[in-house]
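Student: build me a structure from this.
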Amino acid sequence: MSDVFISYARSTAKQAQAVAEALRGLGYSVWIDDDLPAHRTYSRVIEEQMAAAKAAVVIWSADAVQSEWVMSEANRAREDRKLVQVTTDKTRLPMPFDTIQCADLAGWTGDLDAPGWKKAAASIAELVGGVSAQPTPAAPSATPLPLPSKPSIAVLPFANLSGDPEQDYFADGMVAEITMALSRVRSIFVIASGSTLTFKGRAVGPQEAARELGVRFVLEGSVRKAGNRVRIAVQLIDAADGAQLWADRFEDTLEDIFALQDKVALGVTAKIEPTVQAAEMRRAFARPTENMTSYDLYLRALPLYFTFGERGMFEALELLQRAVALDPDHALALSLAAGCHYMIVRYGWSDDPQTHQRQAIEMTHRSLRLAADDANVLIRAALIASDLERDPASAFALAERAIAICPGSASVWGVRGGLWVRAGETDRAIEDLEMSMRLDPMGPARVSQISVMSLARFQQRRFGDAAAHSREMIQHNDAPGAYACLAACYGHLGQIEAARGALHRFRELSRQPIEVFARSVFHAPEHVKLFLDGIALAEGRSPTDSPAAPDS
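Tutor: Next up, the predicted model:
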């Protein structure tokens, strides 16, 4: 009898032989159906070999998912808790196998260092060397692994509190889905689920697990099933001190497992990115200022940028220039520096706007060449393309790519909402902004959300609502744009003294003429005119045409 049983469709016989040869080279005994004896019933032999093997490798392909034999063997392996899945063509796996980790061997030619093969080999080693499907505990590292230069996280195995062993597969699938969603966020270093699932069944605390994996943060979770409903609880832990940074729970029916997994993965990703970034910024500010790394300088620049004020913008730019000097290929620092140059141009904070505009565009294109799959880089580039390059088609294309890469990011939806505002597509803008607010209703994205929402409500001539959003924006920071919008709203509402006060404050904070500002936030002529009509009323002048009746 053999250590490893291999199941496959005939069309992938070549790949199956390659897997068998590689495993034999590692010292395993392998059974593949080429070894069927001529004098025995093959179904009986297959059943015996499957029962005796410690690990069963199922090679999924388009033909395998249509094969009754492969499906039967895969189901037996799953029931016996010794299933190892690989795929040769990224075919969508059938239920319930799509909730279990599957190594990608598409295009594999026998390279033992290929990531997909290493994942499969590690699972086989655990099964063959351990008891049943329980992974062999890894020996703790003598010294902690070094932390990556950016925030790092591991999604630990979820506890199954249901008393139903079948829910183990759902819990493991949930870990894989969340890990995959987080891995799309390039600003976070994410440990692969193949490594984190080796902690399943081990009495290891989050801080010890973080130490072994070399990460700063860990996400823990549990799954509890009651009837046809399931509750998933999650919490984010800072391994430095064991503090809980965030916790939430999700509850739904099991009627559509895939939709539920997508919902949880999206919700968790939306919360983790800003929470981790906020924790890292606090840590960066607590460190001494000497020997700052490029990433620390970037973190220090972020809150200064989000003041949207002149002093903060120039201080942020100085930090980012130091960050880029330390690491010329730091795409996030380049991207945020481009954003600083853009804001300086937008509010007329320099006597040399052409230089700042040129640097904004140059830095944006450098950041895109370095990290065209980073959602944060893409959305900042979208703003530059829209406002400085006046290329709305490219701006929308960049925003669409950002959403495809990181659909759980509130920021990407908020930025596309801003693009729709500029284009005059108010209903679409509101949809994207509401999505952004659902994903992050109270977090760091709130300032940008309400800023753009005020402009969208202004386009709808809901001047009272727009003014309320602008006032909320001002409570967060002294942003010139909020005062400009407030002045236009108050002008249409007939609150002339308040309008003049807001306009005066805008001119104290911004050296950009209000007409130029209006054309930077609205590209549709009718909305530019509506805005400038409100300013005219604030200044005691009559608009060229009577504006629409204001709301109450």
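
Student: what distance do you get for residue 319 to residue 381?
Tutor: Separation of residue 319 from residue 381 (CB to CB, to the nearest Å): 20 Å. All C-beta spots, glycine's among them, are computed from the backbone N, C-alpha and C.

Student: quick one, which of those two is more surrounded?
Tutor: Legend: neighbour count by other CB atoms under 10 Å for residue 319 and residue 381, higher for residue 381 (29 against 23).

Student: which secondary structure elements does the host helix or strand of the more buried one contact?
Tutor: Per DSSP states H and E, residue 381 falls inside helix 375-387. Using 3 or more CB pairs under 8 Å, 6 or more residues apart in numbering; DSSP states H and E as the contact test, the elements touching helix 375-387 are helix 331-346, helix 353-370, helix 392-405, helix 410-423.

Student: that one vs helix 392-405, what angle?
Tutor: Calculated by axes from the mean of the first three to the mean of the last three CA atoms, to 10 degrees, helix 375-387 forms an angle of 160 degrees with helix 392-405.

Student: what about residue 216, distance to residue 183?
Tutor: With distances taken as CB to CB, residue 216 is found 16 Å from residue 183.

Student: the two: who's more crowded?
Tutor: Set residue 216 next to residue 183 and count neighbours by other CB under 10 Å: residue 216 wins out with 22 against 16.

Student: quick check: chain neighbours aside, which residue is closest to the more buried one?
Tutor: Distances taken as CB to CB, 6 or more residues apart in numbering place residue 152 nearest to residue 216, at 5.0 Å, with adjacent residues excluded.

Student: before we move on, what about residue 29?
Tutor: Closest residue to residue 29 apart from its sequence neighbours, by CB to CB, 6+ apart: residue 2 at 4.2 Å.

Student: the one you found should be in a helix, yeah?
Tutor: No - with DSSP: H, G, I helix; E, B strand; the rest coil as the criterion, residue 2 is assigned coil and is not in a helix.

Student: tell me how far it lies from residue 70.
Tutor: 18 Å.

Student: one more: residue 429?
Tutor: If you go by CB to CB, the gap between residue 429 and residue 70 works out to 49 Å.

Student: who's more crowded, these two?
Tutor: Set residue 429 next to residue 70 and count neighbours by other CB under 10 Å: residue 429 wins out with 26 against 21.

Student: surely that one and residue 457 touch.
Tutor: No - the criterion here is CB atoms under 8 Å, and residue 429 misses it with residue 457 at 9.8 Å.

Student: where along the chain do the strands fall?
Tutor: Assigned by DSSP state E, the chain shows strands spanning 4-7, 30-31, 55-60, 83-87, 102-104, 152-155, 159-160, 189-190, 217-226, 229-238, 243-253.

Student: contacting residues around residue 418?
Tutor: For residue 418, the contacting residues are 383, 429, 448, 452, 455, by CB atoms under 8 Å, 6 or more residues apart in numbering.

Student: could you rerun that using 10 Å?
Tutor: The contact partners of residue 418, by CB atoms under 10 Å, 6 or more residues apart in numbering, come to 379, 382-383, 386-387, 395, 399, 429, 432-433, 436, 448-449, 451-453, 455-456, 521.

Student: which of these are buried?
Tutor: 379, 382-383, 386-387, 395, 399, 429, 432-433, 436, 448-449, 451-453, 455-456, 521 (16 or more other CB atoms under 10 Å).

Student: would you turn the helices and strands packed on helix 375-387 into a markdown table with distance to residue 467?
Tutor: Converted to a markdown table, these look like this (distance: least, CB to CB, whole Å):
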| stretch | distance to residue 467 |
| --- | --- |
| helix 331-346 | 21 |
| helix 353-370 | 30 |
| helix 392-405 | 27 |
| helix 410-423 | 16 |
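
Student: out of those, flag the one nearest residue 80.
Tutor: helix 392-405 (38.2 Å; CB to CB).

Student: which residues of the stretch 351-500 of the chain score low on pLDDT?
Tutor: 441-444 (pLDDT under 70).

Student: low-confidence ranges, the stretch 201-350 of the chain, go.
Tutor: 257-258, 283-292.

Student: now with 50, please.
Tutor: 288-289 (pLDDT under 50).

Student: wait, doesn't residue 244 sit right on residue 236?
Tutor: Yes - Residue 244 lies in contact with residue 236 (CB atoms under 10 Å); the separation is 7.1 Å.

Student: could you list the domains of this protein?
Tutor: Listed by automatic domain parsing, the domain ranges of the chain are 4-129, 152-276, 287-371.

Student: thinking again about what came up before, quick one: residues contacting the residue nearest to residue 29.
Tutor: Counting by CB under 10 Å, 6+ apart, residue 2 makes contact with 20, 23-24, 28-32, 35, 49, 52-55.

Student: quick one: which of those residues is most hemmed in?
Tutor: residue 55 (26 neighbours).

Student: so that residue is in contact with residue 84, correct?
Tutor: Yes - using CB under 10 Å, residue 55 is in contact with residue 84, at 5.5 Å.

Student: quickly list what's touching both of the two.
Tutor: Shared contacts of residue 55 and residue 84 (CB under 10 Å, 6+ apart): 4, 5, 6, 77, 120, 123, 124, 126, 127, 133.

Student: now, those residues that are in helices?
Tutor: In helices, judged by DSSP state H, the following of the shared contacts of residue 55 and residue 84 are found: 77, 120, 123, 124, 126, 127.

Student: name the residues of stretch 409-428 that are buried.
Tutor: By neighbour count on 16+ other CB under 10 Å, the buried set for stretch 409-428 is 409-426, 428.

Student: and stretch 184-196, by the same measure?
Tutor: 184, 185, 186, 187, 188, 189, 190, 191, 192, 193, 194, 196.

Student: quick one: that stretch to chain centroid distance?
Tutor: 11 Å (CA atoms, centre = their mean, to the nearest Å).

Student: cool, stretch 500-510 as well?
Tutor: Distance, centroid of stretch 500-510 to centroid of chain: 37 Å (CA atoms, centre = their mean).

Student: who's in contact with it?
Tutor: So stretch 500-510 is contacted by 308-310, 346-349, 467, 470-471, 474, 478-491, 495, 512-514, 516-517, 534-535, 538-540 (CB under 10 Å, 6+ apart).

Student: now, of these, which are buried?
Tutor: When neighbours are counted using 16+ other CB under 10 Å, these contain these buried positions: 308-310, 346-349, 467, 470-471, 478-491, 495, 512, 514, 517, 534-535, 538.

Student: among these, name the ones in helices.
Tutor: Per DSSP H, the buried ones among the contacts of stretch 500-510 map to helices at 310, 346, 467, 470-471, 480-491, 514, 517, 534-535, 538.

Student: report the distance from stretch 353-372 to the chain centre.
Tutor: Put simply, stretch 353-372 sits 23 Å off its chain's centre (CA atoms, centre = their mean).

Student: give the buried residues for it.
Tutor: 353, 356-357, 359-361, 363-368, 370-371.

Student: put together CSV for those residues, with distance to residue 92 on each row.
Tutor: Below are these laid out as CSV (distance: CB to CB, whole Å):
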residue, distance to residue 92
353, 52
356, 49
357, 47
359, 46
360, 43
361, 41
363, 40
364, 37
365, 37
366, 38
367, 34
368, 32
370, 33
371, 29
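
Student: from the residues you listed, which two are the most distant?
Tutor: Greatest spatial distance among the buried residues of stretch 353-372 (CB to CB): 353 and 371, at 26.9 Å.

Student: count residues in the vicinity of residue 118, would you?
Tutor: By other CB under 10 Å, 15 other residues sit near residue 118.

Student: identify the residue spatially nearest to it, adjacent ones excluded.
Tutor: Nearest residue to residue 118 in three dimensions, chain neighbours excluded: residue 112, at 7.6 Å (CB to CB, 6+ apart).

Student: and for residue 451?
Tutor: Closest residue to residue 451 apart from its sequence neighbours, by CB to CB, 6+ apart: residue 473 at 5.2 Å.

Student: ok, residue 337 - contacts?
Tutor: For residue 337, the contact set (CB under 10 Å, 6+ apart) comprises 298, 301, 305, 316-321, 323-324, 330, 359-360, 363-364, 366-367, 380.

Student: sweet, I'm off.
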